[in-house]
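A.B. asks: Using only what follows, build the 3D model:
(chains A and B)
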Amino acid sequence: MSAHLNDVAAPAIKIVAAPGGLVELWRHDWGLACGGDKDMAYKPFDADALIDAAAPLLQLRIEPEYRAAIKANLKTASKMAALIEQVKLADEAEAAPVFRA
Amino acid sequence: MTTGMTDPLSASATAAEIAEAVKSGQVTARSVAEAALARIDKHNPMLGAFTDVTVARAIDAAELVDGKLANGLDPGPLAGVPYAVKNLFAIKDVVTRAGSKINRDRPPARSDATLVGKLDAAGAVLMGALNMGEYAYDFTGENAHDGPARNPHALDHMTGGSSGGSGAAVAGGLVPIALGSDTNGSIRVPASLCGLFGLKPTYGRLSRAHSFPFVGSLDHLGPFARSARDLALAYDMMQGFDEADPAQTKRVNELTVNRLSYPIPGLRIGVADGYFAGDAVAQAHVKVVAQALDASRVVTIPDAQAARAAAFLITMAEGAALHLDRLRSRPEDFDPDTRDRLLAGAMLPAVWVERAQKLRRAYREKVLRLFEEVDAILTPATPMKAPKIGQKTAMFGGVELPVRANMGIFTQPISFIGLPVAAVPVWLPGEELPLGVQVIAAPWREDVCLRIAHQLETAGVCAAPVAKGFLE
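C.D. replies: Here you go, the predicted model:
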């Protein structure tokens, strides 16, 4: 993996073993060693599959020249989601769609 | 002209100096407007700051100010001060393009944005609309349809975005005050790269009514200026409840100009470590400010990296929802960089976004607790100085990463929970380009940010000069 593909400016994150979680998927996708349950059938994040499933549902026309950049953005998003998953949240945690002081 | 006074008709005159000169009869508002229009005419082809220049409106507004003065009326604290607004603000009879090709097919706005109305009421004179990154989804100041705004301090370098035209107009001396929007850093990034003072107020403080949105739960509007006093003046004049913005506070106005000179030693100021301290160049600029303020406390902003990630995902999803119809009907008319991020945002799993929103509340509670120990926190505004226009990647912490996605890594965790921030410009000795420092305070304490900015300016630690080559 060349460094320039890693388009999230992030110091090395502490990988938390979470079989089936996004961090594990991310590790597979980016070729990192996996310490999870070897019997689990992890698959690399397949951005093409997501695009092919979601675009018709959303009635979005994806021209061939759009695809590479959309995939790159989805991979970045998956890594962001992995970072978020590392923060433990209580079941009672409520969303804050609008900040109020 | 009295020795030591700035010529109020010059590029480097501040808003406060212009207003004083107009009110005292030293110059007319019309002569100030004409001087600003002449500078715009001369320099804008090079800077790419303005997309619309409202000449007739500016002359009319200036004559209104002069007429009030002739009749013994007070034209307001910003009498005759030229200003301009990012082109996502509605300006009556001007198409609100929001940096896009698509929106310029819309009819001209029928009324002004609320903040334009407030500045006009204070006697300021609107000069026009400013270039910006498409739909504000940008940190570069480049625009695929209108061309890039150029950094007046080095024309082949970015202004930063998305309020790039605002940065270029003020640093180039075309106007002393400009307004921008800041969703994830779009005031603070260009302020950092162009060497300006910029204020992102508390979420909900200033009305966003009649401005084109991006991410409603993150959008803020605020001013740029070349002095902290001008920043405070503009901010004070724009406060006030507006029921047209559903997120706006009903707090009473809390004016800041008269508090600028309150002593700093009573404030507890900390420097953020960890996530914010990874880049040596950025840290060198923070150190200058910290030393001047005698800020020896170290503050750890918890979960900042995850907060930035959450802001990133919420922005993708909310932005995509806003533009879904346009993505369906006119994808070819977007800037490809904007379009492809929005298309990806439309496809995000809902649970990622919900998780991000939950983290947002928990993160907010943790960060607000820090303000029990400190009154202000210092961090870099950007991880680097202005990259070259067209530059796609840069070194961040020793790794080559895309510029567009990463210029906001230090601003996003702060605006994510709506904290007020003043970006202050720092120039290291011998350096051609500046880098800004964020002065972050607790909600509704813009006065703390602005006091610190003013004191740093007064002490000569921060400065926002008009770029060489644009003084005439």
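A.B. asks: now the helices for the chain?
C.D. replies: If you meant another chain, say so; for now it's chain A. Assigned by DSSP state H, the helices in chain A fall at A:22-29, A:47-58, A:64-85.
A.B. asks: Not quite, go with chain B.
C.D. replies: Under DSSP H, chain B gives helices at B:15-23, B:29-47, B:55-70, B:114-121, B:164-171, B:188-194, B:228-238, B:280-293, B:304-329, B:336-346, B:350-370, B:403-406, B:412-415, B:446-458.
A.B. asks: Least reliable of these by average pLDDT, please.
C.D. replies: If you rank the helices of chain B by mean pLDDT, helix B:403-406 sits at the bottom with a mean of 88.
A.B. asks: quick one: is it near chain A?
C.D. replies: Yes. Using C-beta under 8 Å from any C-beta of the partner chain, helix B:403-406 reaches chain A at B:405, B:406. From N, CA and C alone the C-beta is placed, and that goes for glycine too.
A.B. asks: would you put the C-alpha positions of that helix in CSV?
C.D. replies: The C-alpha coordinates for helix B:403-406 follow below in CSV (Å, rounded to 0.1, in the frame of the first residue of the first chain):
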residue,chain,number,x,y,z
VAL,B,403,-4.9,18.7,0.0
ARG,B,404,-8.7,19.1,-0.6
ALA,B,405,-9.8,16.6,2.0
ASN,B,406,-7.2,17.4,4.7
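A.B. asks: got the contact list for that helix?
C.D. replies: A:7-9, A:76, B:138-140, B:158, B:337, B:383, B:387, B:391-394, B:396 (C-beta atoms under 8 Å, 6 or more residues apart in numbering or on different chains).
A.B. asks: out of those, which are buried?
C.D. replies: A:7-9, A:76, B:138-140, B:158, B:337, B:383, B:387, B:391, B:393-394, B:396 (16 or more other C-beta atoms under 10 Å in any protein chain shown).
A.B. asks: Of all the helices and strands in chain A, which has the lowest average confidence?
C.D. replies: helix A:22-29 (a mean of 43; mean pLDDT, DSSP states H and E).
A.B. asks: Could you tell me which of the contacts of helix B:403-406 are located in strands?
C.D. replies: B:393, B:394, B:396 (DSSP state E).
A.B. asks: how much space between the nearest residue to residue B:437 once chain neighbours are set aside and chain A?
C.D. replies: Spatial nearest neighbour of residue B:437, excluding adjacent residues (C-beta to C-beta, 6 or more residues apart in numbering or on different chains): residue B:289 at 4.8 Å. Residue B:289 is 22 Å from chain A, where distance means C-beta to the nearest C-beta, to the nearest Å.
A.B. asks: Mind putting the helices of chain A into CSV with distance to chain B?
C.D. replies: Output for the helices of chain A, formatted as CSV (distance: least, C-beta to the nearest C-beta, whole Å):
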stretch, distance to chain B
helix A:22-29, 8
helix A:47-58, 4
helix A:64-85, 3
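A.B. asks: and the ones you listed, which one is worst for confidence?
C.D. replies: Minimum mean pLDDT among those: helix A:22-29, a mean of 43.
A.B. asks: closest to residue B:443 among the buried ones among the contacts of helix B:403-406?
C.D. replies: residue B:139 (24.6 Å; C-beta to C-beta).
A.B. asks: Now do the contacts for that closest one.
C.D. replies: Contacts here follow C-beta under 8 Å, 6+ apart; on that basis residue B:139 touches B:133, B:160-162, B:184-186, B:189, B:403-408.
A.B. asks: any chance of the residues you listed in CSV, plus neighbour count?
C.D. replies: CSV is the format used below for the contacts of residue B:139 (neighbours: other C-beta atoms under 10 Å in any protein chain shown):
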residue, neighbour count
B:133, 32
B:160, 36
B:161, 33
B:162, 36
B:184, 30
B:185, 31
B:186, 35
B:189, 34
B:403, 21
B:404, 22
B:405, 18
B:406, 24
B:407, 33
B:408, 30
